[in-house]
Structures are given as structure tokens and as C-alpha cells.
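[1] Quick one, what's the 3D model for this:
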Amino acid sequence: GRRTVRPVAATRAQRAVARALALEPGGPPSLQARVANKVIRATIRAFWELSPRGDAGLLRVQRAGNLLGYAQGAPRGVTFAPEHLGMCTAEWVRAGVPDEDKVFLYLHGGGYFFGGPRLYRPFNWRLSAATGRPVLSLDYRLAPQHTPADALEDAVTAYTFLLERGHKPKNIVIGGDSAGGHLTMALLLALKQRELPLPAAAVCLSPWVDFLCQAESHRTNARTDCLLPAKKISWLGHAYLDGKPEDDPLYAPARANLSGMPPLLFVASSTEILRDDTRDAHERALAAGVDSVYQEWNGLSHVFPVFSDYVPEGKAAFRHIAEFLANAGA
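    As a prediction, the model looks like this:
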């Protein structure tokens with residue numbers, strides 16, 4: 001049967017957290033989420049939208065993300081440890097006393113040009129706490145100095161490192177958000193092509209499945225997406241595909257054969273431009289015989305779990321991830 005994580009609340013603060021964790025997709029966005037949407041639109045989206053195109057603009061956003069990363073903290077008891085993987089690095093994140101036999105390889109978002117383990121510390125400690133396993137947060141190489149192909153090689157390196165470290169595939173889960181969601185799917189396809197054992201399950205939060213940005217929601221949700229400027233995303237995706245075959249499954253998982261994939265969880269917001277990308281990936285996974293789950297939350301920001309400090313629905317998403325993994329036997 002299905003297993004559910006049920007928190008026990010004894011104090012007022014704990015009851016507030018329990019109410020947040022109990023949230024389900026389908027209802028209206030919370031007041032906190034609506035306020036957060038306005039702040040995100042006026043700050044993060046505006047900053048990126050006003051940055052120039054080209055390497056200078058990418059580096060400007062990258063530097064801002066790096067500075068913001070130094071402001072990220074974590075509760076007492078959470079530990080961070082560096083891991084060197086050759087061409088790239090990673091960071092171990094442990095909350096509480098996780099099961100060391102299991103691991104979650106997480107691939108951060110950021111359009112392949114910004115973000116990193118330090119910026120994602122608030123997200124990763126929650127992921128570790130919710131899933132009861134250490135998180136290996138990959139610091140893959142970024143544009144404009146590198147390409148998504150380099151990021152994919154780093155992801156393959158991190159996964160094979162876990163296998164060589166003694167982790168069984170059935171105890172490994174991979175996941176990512178936005179560009180990291182794309183990288184998660186690309187990693188699964190690369191492992192399949194190289195005939196390497198696949199992980200037990202994968203989680204894709206608002207994955208940027210198609211660099212060509214051809215899904216209808218890139219147009220219909222261009223105004224309602226409070227984080228991603230549709231024109232900038234389209235320009236960036238086409239720049240990444242320049243000179244490469246557009247049907248290459250590692251550059252366009254939207255066109256790849258998903259048969260043989262492990263259980264997949266897809267999460268999106270109804271108002272973001274990547275909603276249809278996420279829906280399509282889920283539907284194609286189902287058509288290929290994959291055990292796939294799709295959740296659509298109403299009126300929230302792109303990758304809203306990243307904003308869990310402010311958005312209660314983000315906290316609830318971690319419960320849903322934990323339940324998905326339990327039901328998948330991961």
C-alpha cells in the first residue's frame with residue numbers, strides 16, 4: 001500500500017509546519033506564495049530580464065547568484081562536506097542521521113550558467129531531511145565557459161563515482177530542477193546509451209525539457225511566469241543548440257525514447273512557461289511504459305520548492321518527494 005509521512009506537531013511552530021506539509025496540489029496558492037511571486041518577479045526575473053544578452057549578461061547573473069549563495073544558511077545539525085570529482089566538485093549535505101547506504105544525487109537549476117551547491121543549501125538540507133539520505137549536490141561546469149555537454153559529463157562522472165563508492169543502483173536516486181531537470185533526463189539517457197545501471201528513481205522539478213522552447217506554455221504563460229523571461233530562455237536554448245543536431249536526445253530529451261526509465265516524478269506550476277514541457281515528458285514516459293507521476297500546483301513560481309523558506313507549498317513538495325520515493329521502493 002501507499003505510505004504517507006505524517007509529522008507529529010506538539011508546538012505552535014510545529015503545527016504551522018505540519019499544516020504546510022499537508023498541502024496538496026490542486027488548491028489555490030497560499031497568501032505567502034502570492035506575495036513571494038510578486039517579490040520574485042520584481043527582483044530575480046527583472047534582474048535577468050534587464051541583463052544584456054551574451055556572455056556579459058550570463059556572467060552578471062552568475063556573479064549575483066554566487067554572492068547570494070554566501071547568504072544561505074542551514075539549521076544546527078546539518079553538515080556540509082566537499083567532494084572532488086576530477087573536472088568538477090560536489091558537496092555532501094546531511095540533515096539528521098541519514099541512511100548512508102542510500103544517496104540522492106542532485107543537479108541544481110540555473111539555466112546551465114548559474115547556481116551551485118552553496119546557493120542550493122536550503123533546498124538540499126530539506127531534501128536530505130525529507131528523504132532520509134545524504135544528498136550529493138553536484139557543482140557541474142557552467143556556461144559561458146563550458147557547455148551543457150560538459151555538465152552532462154560531470155553528471156555521468158558523479159553517478160559512476162557513487163557506483164564505485166559502493167552504492168547500489170537500487171539505493172541511488174537522481175533529481176534536478178529546471179536546467180537540472182533537463183540534466184537529470186539527459187543523464188538517464190546517457191546511462192542508458194552507455195549500458196550503465198539506472199538509478200532507482202528520478203525527480204524532475206519544472207524540467208527545461210526542450211531547448212527549442214516549442215511548447216505552447218512558452219507563449220501562453222509568458223506573462224504569468226514570475227521567474228523565467230520566456231524570450232531569454234528561448235535565446236539561451238537556441239544558443240546551446242547552435243551547430244548541434246536538434247534531435248540529439250542529450251540536447252532535446254523532449255524527442256528521446258523514454259522506454260526503460262526508472263519511476264519518474266514530475267512537478268510543475270500551472271502558470272510557468274515550462275508547464276507543458278513537464279506535462280509532455282510525463283505523458284511520453286507513461287506511453288513508453290514508465291511508472292510516472294505528474295503534479296501540477298496552481299499559481300506558484302517556477303521551481304517553487306527552492307523558495308521553501310517563504311512558500312509553504314515548497315515545504316509540502318518535499319513530503320511528496322519522500323512519498324513518491326517510498327512508493328517507488330527507492
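[2] those strands in the stretch 51-200 of the chain, which residues are they?
    Using DSSP state E, counting those that start in this stretch, the strands found in the stretch 51-200 of the chain span residues 79-84, 89-94, 103-107, 135-139, 172-177.
[3] Let me know which of these is the nearest to L212.
    With CB to CB, the closest approach to L212 among the strands of the stretch 51-200 of the chain belongs to strand 172-177: 19.5 Å. The C-beta positions use only the backbone N, C-alpha and C, and glycine is treated the same way.
[4] what's the angle between the closest one and strand 103-107?
    20 degrees (axes from the mean of the first three to the mean of the last three CA atoms, to 10 degrees).
[5] Average pLDDT for strand 172-177, rounded please.
    For strand 172-177, mean pLDDT is 98.
[6] With distance to F307 and mean neighbour count as new columns, can the strands of the stretch 51-200 of the chain be given to me in a markdown table?
    Formatted as a markdown table, those follow (distance: least, CB to CB, whole Å; neighbours: other CB atoms under 10 Å):
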| stretch | distance to F307 | mean neighbour count |
| --- | --- | --- |
| strand 79-84 | 21 | 12 |
| strand 89-94 | 18 | 21 |
| strand 103-107 | 16 | 26 |
| strand 135-139 | 17 | 27 |
| strand 172-177 | 11 | 27 |
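[7] In JSON lines: those strands, plus distance to D210.
    Converted to JSON lines, the strands of the stretch 51-200 of the chain look like this (distance: least, CB to CB, whole Å):
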{"stretch": "strand 79-84", "distance to D210": "31"}
{"stretch": "strand 89-94", "distance to D210": "27"}
{"stretch": "strand 103-107", "distance to D210": "17"}
{"stretch": "strand 135-139", "distance to D210": "22"}
{"stretch": "strand 172-177", "distance to D210": "15"}
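[8] Between the ones you listed, which one is closest to G260.
    Of all the strands of the stretch 51-200 of the chain, strand 172-177 sits nearest to G260, with 15.1 Å by CB to CB.
[9] coming back round to it: which of the strands of the stretch 51-200 of the chain sits closest to F114?
    Closest to F114 of the strands of the stretch 51-200 of the chain, according to CB to CB: strand 135-139, at 11.9 Å.
[10] now for that closest one, which elements pack on it?
    With contacts defined as 3 or more CB pairs under 8 Å, 6 or more residues apart in numbering; DSSP states H and E, strand 135-139 has these neighbours: strand 89-94, strand 103-107, helix 121-131, helix 148-164.
[11] How far does that strand sit from its chain's centre?
    Centre-to-centre, strand 135-139 and its host chain are 12 Å apart (CA atoms, centre = their mean, to the nearest Å).
[12] got it, and stretch 229-249?
    Distance of stretch 229-249 from the chain centroid (CA atoms, centre = their mean) equals 19 Å.
[13] Between the two ends of that stretch, how far is it?
    25 Å (CA to CA, to the nearest Å).
[14] Next up, phi/psi of the closest residue to A215 other than its chain neighbours, please.
    Excluding its sequence neighbours, the residue lying closest to A215 (CB to CB, 6 or more residues apart in numbering) is D276, at 3.6 Å. Phi and psi for D276, reported as degrees, to the nearest 10, are phi -70, psi -30.
[15] Quick check, D276 in contact with S217.
    Yes: at 3.9 Å, D276 counts as touching S217 under the criterion of CB atoms under 8 Å.
[16] Please, where are all the helices along the protein?
    Ranges of helices within the chain are 12-21, 31-40, 46-50, 55-69, 121-131, 148-164, 179-193, 217-220, 230-241, 275-287, 312-327, based on DSSP state H.
[17] okay if I get these as a markdown table plus distance to F211?
    Formatted as a markdown table, the helices of the chain follow (distance: least, CB to CB, whole Å):
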| stretch | distance to F211 |
| --- | --- |
| helix 12-21 | 34 |
| helix 31-40 | 23 |
| helix 46-50 | 17 |
| helix 55-69 | 15 |
| helix 121-131 | 24 |
| helix 148-164 | 8 |
| helix 179-193 | 8 |
| helix 217-220 | 11 |
| helix 230-241 | 3 |
| helix 275-287 | 10 |
| helix 312-327 | 25 |
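[18] Quick one: closest of the ones you listed to P305.
    helix 312-327 (4.1 Å).
[19] Which of the residues in that closest one are classified as buried?
    Counting neighbours by 16 or more other CB atoms under 10 Å, one finds that the buried residues in helix 312-327 are 312-325, 327.
[20] which of these lies closest to D101?
    Of the buried residues of helix 312-327, the one sitting nearest to D101 (CB to CB) turns out to be L325, at 14.1 Å.
[21] Would you mind measuring from the residue lying closest to A230 once chain neighbours are set aside to S308?
    What sits nearest to A230 in space, not counting adjacent residues and going by CB to CB, 6+ apart, is A222, at 4.1 Å. Distance of A222 to S308, computed by CB to CB, to the nearest Å: 26 Å.
[22] Which one's more surrounded, these two?
    S308 (19 against 15; other CB atoms under 10 Å).
[23] Tell me the buried residues in stretch 215-230?
    215, 217-218, 221, 224-230.
[24] repeat for stretch 66-81
    Within stretch 66-81, the residues that count as buried by 16+ other CB under 10 Å are 69, 72, 74, 78.
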